[in-house]
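Engineer: model this:
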Amino acid sequence: MATSRITWDVEEMPLRARGFSWYAIAFLIALGGIYFAFTQENYLFVVILFLSYTLLMYAWNRTPRTVLFEVNQDGILIEGKKSYLYADFRGFAILELPSSRLLVLQPKQKAKPYLKIPLPPEDTDHKVEEFLTNFLKRIEYEESLSDVLLRLIGF
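Structural biologist: Below you'll find the predicted structure:
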């Protein structure tokens, strides 16, 4: 093994351009839900819908921050703060998407979600993948319906 660690930084999520129609449709859906909640006299649902719409608008309009990732002999380090040991994972897969590639790590505990880390676009020679094969086995990963839907709406 030639390198003892690999580091890269990527945006936490891709910045997508959304046109007027995207926001108009989201507004109309929220407005329809609020109208329905008022007709049912469910005012708590009105508050929940309003807060949800506000949070979605905030999430869709904020600039993604750049996150630093590192893989080394011990595990995976995110932003120099959060670390994951290889012993906590069953294996890894590389998910090839149309616009990016994701490193998907399967935890040993069934209740924990998969850890998905964006790979750098310049990793065309698959250095991260080769490095990880020294510590984890490759697994098959199929995207779930919720993953596909979240990607389609822009998350």
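
Engineer: could you pull out the helices in this protein for me?
Structural biologist: Along the chain, counting by DSSP state H, helices occupy 20-39, 43-61, 127-132, 145-153.

Engineer: center of the protein, which residue is that?
Structural biologist: Centroid-nearest residue in the chain: K116, 5.9 Å away (criterion: Cα atoms, centre = their mean).

Engineer: show me the contacts for that residue.
Structural biologist: The neighbours of K116, taking Cβ atoms under 8 Å, 6 or more residues apart in numbering as the test, are L95, L102, L103, V104, L105. Every residue, glycine included, has its C-beta placed from N, CA and C.

Engineer: if we use 7 Å, what do you get?
Structural biologist: L102, V104 (Cβ atoms under 7 Å, 6 or more residues apart in numbering).

Engineer: can you give the domain ranges for this protein?
Structural biologist: For the chain, automatic domain parsing gives the domain ranges 5-12+67-153, 20-61.

Engineer: mean pLDDT lowest for which of those domains?
Structural biologist: Ranked by mean pLDDT, the domains of the chain end with domain 5-12+67-153 at the bottom, a mean of 87.

Engineer: span of that one from start to end?
Structural biologist: By Cα to Cα, to the nearest Å, the extent of domain 5-12+67-153 from end to end equals 35 Å.

Engineer: how far does it sit from the chain's center?
Structural biologist: Using Cα atoms, centre = their mean, to the nearest Å, the mean C-alpha position of domain 5-12+67-153 is found 10 Å from that of the whole chain.

Engineer: contact partners for F69?
Structural biologist: Contacts for F69 (Cβ under 7 Å, 6+ apart) come out as T7, W8, I76, I78, I117.
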